[in-house]
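1. Sequence and predicted model, in that order:
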Amino acid sequence: MDMLYFKLELPLQSTEHVLGVQLILTFSYQLHKMSTFVMQSMAFLQSSFAIPGSQLYVNGDLRLQQKQPLSYDGLDARYNVSVINGTSPFAYDYDLTHIVAAYQERNKMWYGVFLWALVSSLFFHVPAGLLALFTLRHHKYGRFMSVSILLMGIVGPITAGILTSAAIAGVYRAAGKEMIPFEALTLGTGQTFCVVVVSFLRILATL
């Protein structure tokens, strides 16, 4: 277990008083086992006092809340985006409220793109799988082709779709832009459209 001891002392004049504390700590979070998971994370501390204080002590743990299984191999860097855009010349990007809001948005931005990619992929592959099952239902082995089509519609977005969605969200975050729902829809379905077009052209090449 890694331990962090952080002590901050500020000299004050006799006329100055401390009625509140706001502190941001940034961390580079890395896990190495079967796969490598890299993430830029943040700890936010906020406390206020009714009367002027002279000392504040905080004890806490930095925990990883895992909402989905990690990949069994490779590098997962979907959250390896700086919490604070240190290259920005605008004071707005260093505002505390904006930093916290952008941090929360970063954690869910990629999910909107991924969700639309998954839904649109199922929209194409489920009818194709049912059509293959209906037309090849009497074939000894051909009827199992529908299963492979359905797996393509699910496994594709879950594997490659996560990486491309995270890359798109990383570009938005680095540019300091917020992603509206329509953009998530367009970028998610656009990925599926490109896959369908490429797959169709490859099928034509084999005919």
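-> Noted; the coordinates are in hand.
2. Where does the prediction get shaky in this protein?
-> 1, 67-68, 105-111, 170, 173-180, 202-207 (pLDDT under 70).
3. where along it do the helices fall?
-> Counting by DSSP state H, the chain has helices at residues 96-135, 145-156, 162-175, 181-206.
4. what's in contact with stretch 2-12?
-> Contacts to stretch 2-12, defined as CB atoms under 8 Å, 6 or more residues apart in numbering, come from residues V18, L23, L25. The way it works is simple: take the backbone N, C-alpha and C, and place the C-beta from them, glycine included.
5. Output those as TSV; include the columns neighbour count and distance to I158.
-> Formatted as TSV, these follow (neighbours: other CB atoms under 10 Å; distance: CB to CB, whole Å):
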residue	neighbour count	distance to I158
V18	14	49
L23	14	38
L25	13	33
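6. Specify the residue ranges that define each domain of the chain.
-> If you go by automatic domain parsing, the domain ranges for the chain are 1-80, 89-207.
7. Quick check: strands, which of the contacts of stretch 2-12 are part of them?
-> Among these, DSSP state E puts L23, L25 in strands.
8. Pick the one among the contacts of stretch 2-12 closest to V83.
-> L25 (9.7 Å; CB to CB).
9. And for that closest one, nearest residue in space, chain neighbours not counted?
-> Spatial nearest neighbour of L25, excluding adjacent residues (CB to CB, 6 or more residues apart in numbering): A43 at 4.3 Å.
10. In contact with that neighbour, which residues are there?
-> Neighbour list for A43: I24, L25, T26, F27, G60, L62 [criterion: CB under 8 Å, 6+ apart].
11. Please name the residues that touch the second one.
-> It stands for L25. By CB under 8 Å, 6+ apart, the neighbours of L25 are F6, M42, A43, F44, L45.
12. again, but for the first one
-> When the contact criterion is CB under 8 Å, 6+ apart, the partners of I24 are M42, A43, F44, L45, V83, I84, L96, I99.
13. quick one: it from Q55, how far?
-> Remark: distance between I24 and Q55 (CB to CB, to the nearest Å) = 20 Å.
14. quick one: buried residues of stretch 125-138?
-> H125, A128, G129, A132, L133 (16 or more other CB atoms under 10 Å).
15. Kindly tell me how buried N85 is, as a neighbour count.
-> When counting by other CB atoms under 10 Å, one arrives at 19 neighbours for N85.
16. pretty sure it contacts A91?
-> No - no contact is recorded between N85 and A91 when judged using CB atoms under 8 Å, the distance being 11.7 Å.
17. just to revisit the earlier point, switch the helices of the chain over to a markdown table; also include distance to R78.
-> Formatted as a markdown table, the helices of the chain follow (distance: least, CB to CB, whole Å):
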| stretch | distance to R78 |
| --- | --- |
| helix 96-135 | 6 |
| helix 145-156 | 17 |
| helix 162-175 | 3 |
| helix 181-206 | 15 |
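18. Quick one: closest of the ones you listed to P69.
-> helix 162-175 (11.1 Å).
19. Put the alpha carbons of the closest one into PDB.
-> The C-alpha trace of helix 162-175 is given here as PDB (Å, rounded to 0.1, in the frame of the first residue of the first chain):
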ATOM      1  CA  ILE A 162     -14.200   1.300 -26.000                       C
ATOM      2  CA  LEU A 163     -10.800   2.300 -27.300                       C
ATOM      3  CA  THR A 164     -12.100   4.600 -30.100                       C
ATOM      4  CA  SER A 165     -14.700   6.200 -27.800                       C
ATOM      5  CA  ALA A 166     -12.000   6.900 -25.200                       C
ATOM      6  CA  ALA A 167      -9.700   8.400 -27.900                       C
ATOM      7  CA  ILE A 168     -12.500  10.700 -29.100                       C
ATOM      8  CA  ALA A 169     -13.300  11.700 -25.500                       C
ATOM      9  CA  GLY A 170      -9.600  12.400 -24.900                       C
ATOM     10  CA  VAL A 171      -9.500  14.700 -27.900                       C
ATOM     11  CA  TYR A 172     -12.500  16.700 -26.600                       C
ATOM     12  CA  ARG A 173     -11.000  16.800 -23.100                       C
ATOM     13  CA  ALA A 174      -7.600  18.000 -24.400                       C
ATOM     14  CA  ALA A 175      -9.300  20.700 -26.400                       C
END
